[in-house]
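1. A predicted structure for the sequence below; I have some questions about it.
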Amino acid sequence: MSAAATAPAGTKRGAPRPVEELDSVTIRFVGDSGDGMQLTGNEFSRAIAKAGHDFATHPDYPSEIRAPTGTLFGVSGYQIQFASRAVFTSGDAPDVLVAMNPAALKTNLSDVKHGGTIIANSGAFTDANLAKAGYKGNPLDDGSLGDYRLYKIDISELTAHALKASGLSKKEVGRCKNYYALGLMLSLYSRPLEKEEEDIRKKFAKKPEVAEANVLALRAGYAYADATEMFITSYRVRTADIAPGTYRSLTGNHAAALGFVAASELAGVPLFLGSYPITPATDILHELSALKHFNVATFQAEDEIAGICSAIGAAYGGALGMTTTSGPGMALKTEALGLAVMLEIPLVIVNVQRGGPSTGLPTKIEQSDLLQAVYGRNGECPIPVIAANSPADCFDCAIEAFRLAVKYMTPVIFLSDGGIGNAAEPWRIPDPASLPKLKVKFRTDPEGFQAYARDANLARAWVRPGTPGMEHRVGGLEKDFLTGNISHDPMNHQRMVEVRAAKVEGIAKDLPPLKVEGPASGDLLVVGWGSTYGSIVQAREKAAAEGHTVAHVHLRHLNPLPPDLGDILRRYKRVLVPEMNLGQLSRILREHFLREVDTLSKVQGKPFKVSEIHDRIVELCKKGSK
Amino acid sequence: MTDMAVLTKKDFESNQDVRWCPGCGDYAVLAQIQKLMPTLGIPRENFAFISGIGCSSRFPYYMETYGMHSIHGRAPAIASGLKLARPELSVWVVTGDGDALAIGGNHFIHAMRRNIDLKIILLNNRIYGLTKGQYSPTSEMGKKTKTTPLGNIDRPFSPVALALGAGATFVARTVDSDQAHMAQVLKRAAEHKGTAFVEIYQNCIVFNDGAYDAITDKSVRDDARLLLEHGKPLVFGKARDKGIRLRGLEPEVVTLGEGGAGEGDLVMHDEAADHSGLAFFLSQFDAPKFPVPLGVFRAVRQPTYEEMNIQLHADAEARKGRGTLAGLFGSGDTWTIA
């Protein structure tokens, strides 16, 4: 916590505590995967958002739904940073750790800021739980946490006490302790309770007794923090200077879903999602499944291949066809991607990337499917690739993906990742009239129709089956340049391979100029893509403030690359690419521009810390300016 | 092409040269389907033929309709997406024993299970033709092929039994050499609402010639096949003197008039039975112990997937009103920064 002002200490019980003003706070909630930490984190961020803060979150959970209690591998966490200024990341190191059990403390302590605050559920620090976490003694009592501000609160017992009269079973009472923790934190950060109570009653409308129990737990936690002398201060973060407008909190997957519905409405064409559940992409399917009052059809297919194939069928029928998946599912869809390239029909494939290869790290963040997206198919098989850089950006990317798909009659791969997909940030609700137009025109005129005749963008016509007089066949075999009939002619194949490549390359001329943050030339250019955006922005700003001539450009379009990128790269002595892989964009840049780039690689299932990128920027700037 | 009356078989023949081997059973199927199309009262532009990979999957190129020659095994999935997006179309899948049952087995069973209104025509020649003669999931035990030089040890299964097991609402079998029977079965399939599955025994003249001689050769076929007729007893034989009787749960072939067996003792065929027990029982019949059943095993009307899907959308819209972007964006918890 970076303290801006400290109020005088010393309070009386019941009297209002002094309030400490902070610029930003990073809080991490950690507990068993069944403890409801994701829920607590979500609820807390909503309360924070409504107070007018900017925020960013990072959920970090195991792939087991409910791992054995108390184990190290079953720990689930949710981190939020909120501030009085724009927030780009969920924060490097937590100022506050709320640890619901010993395993949660053990696995997260090393991340906590030196001198930070630890709020521990002492009731869960039993001998059995301590042993499961591998503690010999109790860290809450043995002085090993002397460097931290430690608050021991028996959340389990206090929740049970508050719910004594509720009539709920012990197990049910145990499930309410996350609301107790939430109450504590809301009080500590000077947030009101009423709205949260309303939300709980709404959330558990079908189980009023559970709703009331959670409200009681919440109030008990709030009152405890209010009344005890344990917390000598409350904290307040000034509201951020945020553009006026109406906001809501959105995860990247939710934002993408809204973007796809928007694309469908803007184009006046139905949306069809064929998908097979896979972490961390499934939420897009969840969201769209609930929107049947729009022109949105969802189809939970029998496997990943059927997911994309049903979308191809729907696109062939004249819908905005799409599929959602993550790395392993993407691998399964590869052959069908080739078919979509041959058919030259619009299709959007969302890959919410996770740690790979194989099953890899299903719930962890990584950006290692870029080369797969750009190159990973048999034959010369070009597909445009775009990537979102934040949860809210998923909305715009969803529309952009379909804009390219229908304009160029091509499949488009939209890369997100687990960090973006599950993390939330405030989204300024746009006026639908301000959204880009999506022009879709189905050809209905049989006069002179040739299935593979092309327009100026090299796109062929989109013809819906059911259109009289234009019956024709398409397929995965190489086709004649004009008629689309099967052709094994050698020169025709050369021509078709080249025209498919030229069509995708031609998208470059349709891309807006890149936005360079920082000096137009200098020692270092940081090139990023995807979810590294926030960390790079903050790292660059810090380094620039320290006097380094460093700029940042973030790529949304990864295939084809923006046409002005080569010129921008030439204006800096060095180029740094931080990416959560072993240097995949770096390879692409070297190949396209024949210039050396430095890679900052991280593949730990965790996002970059601002400090990690900042340190490398400073190091390279020093080299570059010599 | 909306003037239905003038259409003929010829209107459904594309300008592409048919490239199956001379004498291939696929020709007969193509001819029957081209003949059937103009009789269905559906505008030509509303037909779409989707196929996978294999000899039979070249089928769409020869139909003057909309069509897609897709990738191996995936035609039912593509067709499902097309039918859901465009319920007004008549969507046909043409597939083979490798395409539908080996590489595409998963899509095949799930199409049956969902009861999407697709017509799935499986040309079963019990061999891989396009890759030049490897055994398929319907090749007999012991069969010698290029990949089973010492005889096949890979047990075959029955497509009809598989379809029934997956809950298909229309299951039939016919044979390429019996044009009249094929025409009748295909028409029934076309008229069925829901997934209609037709297995067509098809002779591969190059790699598996004669596979179905026992039931196609005019001199012996009547004793080797059982023509299924709804509401009629299971009678077969050149002299129509043989029938199927049940002893407990075991079927047996009896000769009428011998040992007191009369028509009244025989199993009655009921294609519309609620459950598929009888149809499944028939699907187990195989030569030489039993005659091979041809005709409609099962035909029941159940709600189709796309009908229910349309209903879900109508209900949602009735409940919530047609969605608007402004409403969607502003739903949930919002806050305003002045």
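-> That came in fine, so what should we check first?
2. give me the below-cutoff pLDDT ranges for the stretch 201-338 of chain B.
-> Residues of the stretch 201-338 of chain B meeting the criterion pLDDT under 70: none.
3. residue numbers of it in contact with chain A?
-> Taking C-beta under 8 Å from any C-beta of the partner chain as the criterion, the neighbours of chain A within the stretch 201-338 of chain B are B:309, B:312-313, B:315-317, B:319-326, B:328-330, B:332-338. The C-beta positions use only the backbone N, C-alpha and C, and glycine is treated the same way.
4. can you flag which of these belong to strands?
-> Among those, DSSP state E puts B:334, B:335, B:336, B:337 in strands.
5. any chance of those in a markdown table, with distance to residue A:179 too?
-> Shown next, in a markdown table, are those (distance: C-beta to C-beta, whole Å):
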| residue | distance to residue A:179 |
| --- | --- |
| B:334 | 23 |
| B:335 | 22 |
| B:336 | 27 |
| B:337 | 28 |
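6. now the residues you listed: which count as buried?
-> Buried by 16 or more other C-beta atoms under 10 Å in any protein chain shown: B:334, B:337, out of those.
7. run through the residues that contact the residue of the stretch 101-250 of chain B found nearest chain A.
-> Relative to chain A, the nearest point of the stretch 101-250 of chain B is residue B:110 (4.0 Å; C-beta to the nearest C-beta). Residues in contact with residue B:110 (C-beta atoms under 8 Å, 6 or more residues apart in numbering or on different chains) are A:301, A:302, A:306, B:76, B:166.
8. for residue A:443, grab the count of nearby residues.
-> Residue A:443 has 15 neighbouring residues, counting by other C-beta atoms under 10 Å in any protein chain shown.
9. now it, nearest residue through space, not along the chain?
-> Spatially, and ignoring its direct neighbours in sequence, residue A:443 is nearest to residue A:461 (3.8 Å; C-beta to C-beta, 6 or more residues apart in numbering or on different chains).
10. what's the answer for residue A:100, then?
-> Of all residues not flanking residue A:100 in the chain, residue A:31 sits nearest, at 3.1 Å (C-beta to C-beta, 6+ apart).
11. where does that neighbour sit: helix, strand or coil?
-> Assigned by DSSP: H, G, I helix; E, B strand; the rest coil, the conformation of residue A:31 is strand.
12. wait, it touches residue A:178, no?
-> Yes: counting by C-beta atoms under 8 Å, residue A:178 is a contact partner of residue A:31 at 7.3 Å.
13. so what sits against both of those two?
-> A:37, A:100.
14. how about the residues of the stretch 401-550 of chain A by chain B?
-> A:429-432, A:435, A:464-477, A:485-486.
15. only the buried subset of the residues you listed, as a ChimeraX command please.
-> Only the buried members of those end up in this ChimeraX selection, burial being decided by 16+ other C-beta under 10 Å:
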select /A:429,430,435,464,465,466,467,470,471,472,473,474,475,476,485,486
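16. list the ones among the residues of the stretch 401-550 of chain A next to chain B that fall in strands.
-> Those of these lying in strands (DSSP E): A:473, A:474, A:475.
17. check contacts around the last one.
-> Going by C-beta under 8 Å, 6+ apart, residue A:475 touches A:342, A:343, A:486, B:60, B:61, B:67, B:68, B:69, B:70.
18. got it, and residue B:66?
-> So residue B:66 contacts A:465, A:466, A:471, A:472, A:473, B:45, B:47, B:48, B:49, B:89 (C-beta under 8 Å, 6+ apart).
19. follow-up on the earlier one: what helix or strand is the residue of the stretch 101-250 of chain B closest to chain A located in?
-> Applying DSSP states H and E as the criterion places residue B:110 in helix B:105-114.
20. list the buried ones in that helix?
-> Using 16+ other C-beta under 10 Å as the test for burial, helix B:105-114 gives B:106, B:107, B:108, B:109, B:110, B:111, B:112, B:113, B:114.
21. which SSE is immediately downstream of it?
-> Next helix or strand after helix B:105-114 toward the C-terminus (DSSP H and E): strand B:118-124.
22. by contact count, what packs against whatever helix or strand comes next after that following strand?
-> For strand B:118-124, the succeeding helix or strand toward the C-terminus, using DSSP H and E, is helix B:159-165. Judged by 3 or more C-beta pairs under 8 Å, 6 or more residues apart in numbering or on different chains; DSSP states H and E, the packing partners of helix B:159-165 are helix B:105-114, strand B:170-175, strand B:196-201, helix B:277-283, strand B:292-299.
23. and if we set it to 7 Å?
-> strand B:170-175, strand B:196-201, helix B:277-283, strand B:292-299 (3 or more C-beta pairs under 7 Å, 6 or more residues apart in numbering or on different chains; DSSP states H and E).
24. figure out which of those is closest to residue A:358.
-> Evaluated over the helices and strands packed on helix B:159-165, closeness to residue A:358 peaks at strand B:196-201, with 35.9 Å, by C-beta to C-beta.
25. chain center to that closest one: distance?
-> For strand B:196-201, the separation from the chain centroid amounts to 3 Å (computed by C-alpha atoms, centre = their mean, to the nearest Å).
26. for that strand, C-alpha coordinates in PDB please.
-> Presented in PDB, the C-alpha positions along strand B:196-201 are these (Å, rounded to 0.1, in the frame of the first residue of the first chain):
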ATOM      1  CA  ALA B 196     -33.500 -40.600 -41.300                       C
ATOM      2  CA  PHE B 197     -30.800 -43.200 -41.700                       C
ATOM      3  CA  VAL B 198     -30.600 -45.500 -44.700                       C
ATOM      4  CA  GLU B 199     -28.000 -48.100 -45.100                       C
ATOM      5  CA  ILE B 200     -27.500 -49.100 -48.700                       C
ATOM      6  CA  TYR B 201     -25.700 -52.300 -49.500                       C
END
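27. what packs against it?
-> Counting contacts by 3+ C-beta pairs under 7 Å, 6+ apart, strand B:196-201 is packed against strand B:118-124, helix B:159-165, strand B:170-175, helix B:179-191.
28. do you know the pLDDT at residue A:17?
-> pLDDT for residue A:17: 67.
29. sorry, slip of the keys, the one I care about is residue A:536.
-> The model's pLDDT for residue A:536 equals 97.
30. can you get me a residue count around it?
-> Counted with other C-beta under 10 Å, residue A:536 comes out at 29.
31. element containing it?
-> Assigned by DSSP H and E, residue A:536 falls within helix A:533-545.
32. tell me how far that helix is from the chain's mean position?
-> Counting by C-alpha atoms, centre = their mean, helix A:533-545 comes out at 19 Å from the chain centroid.
33. could you work out the end-to-end span of stretch B:291-306 for me?
-> 37 Å (C-alpha to C-alpha, to the nearest Å).
34. pull out the buried residues from that stretch.
-> B:291-300, B:304-306.
35. just stretch A:217-237 next, same as before
-> Neighbour-count burial for stretch A:217-237 flags A:217-222, A:224-226, A:231, A:233-237 (criterion: 16+ other C-beta under 10 Å).
36. who touches it?
-> By C-beta atoms under 7 Å, 6 or more residues apart in numbering or on different chains, the residues outside stretch A:217-237 that reach it are A:7, A:9, A:11, A:13-14, A:17-22, A:24-25, A:53, A:82-84, A:151, A:158-159, A:162-163, A:176-177, A:179-184, A:186-190, A:193, A:196-197, A:200.
37. I'd like the mean pLDDT over it, please.
-> Averaged across stretch A:217-237, the pLDDT comes to 82.
38. would you mind measuring from the nearest residue to residue B:35 once chain neighbours are set aside to residue B:245?
-> Closest residue to residue B:35 apart from its sequence neighbours, by C-beta to C-beta, 6+ apart: residue B:9 at 4.8 Å. As for residue B:9, its distance to residue B:245 is 43 Å (criterion: C-beta to C-beta, to the nearest Å).
39. for residue B:261, same thing?
-> Distance, residue B:261 to residue B:245, using C-beta to C-beta: 6 Å.
40. likewise for residue A:526?
-> Applying C-beta to C-beta to residue A:526 and residue B:245 gives a distance of 83 Å.
41. who has more neighbours, these two?
-> Counting neighbours by other C-beta under 10 Å for residue A:526 and for residue B:245 shows that residue A:526 has the greater number, 29 against 18.
42. what lines up beside the helix or strand containing the more buried one in the sheet?
-> Residue A:526 belongs to strand A:522-529 when assigned by DSSP H and E. For strand A:522-529, the paired strands and their directions (DSSP bridges) are strand A:550-555 (parallel), strand A:572-579 (parallel).
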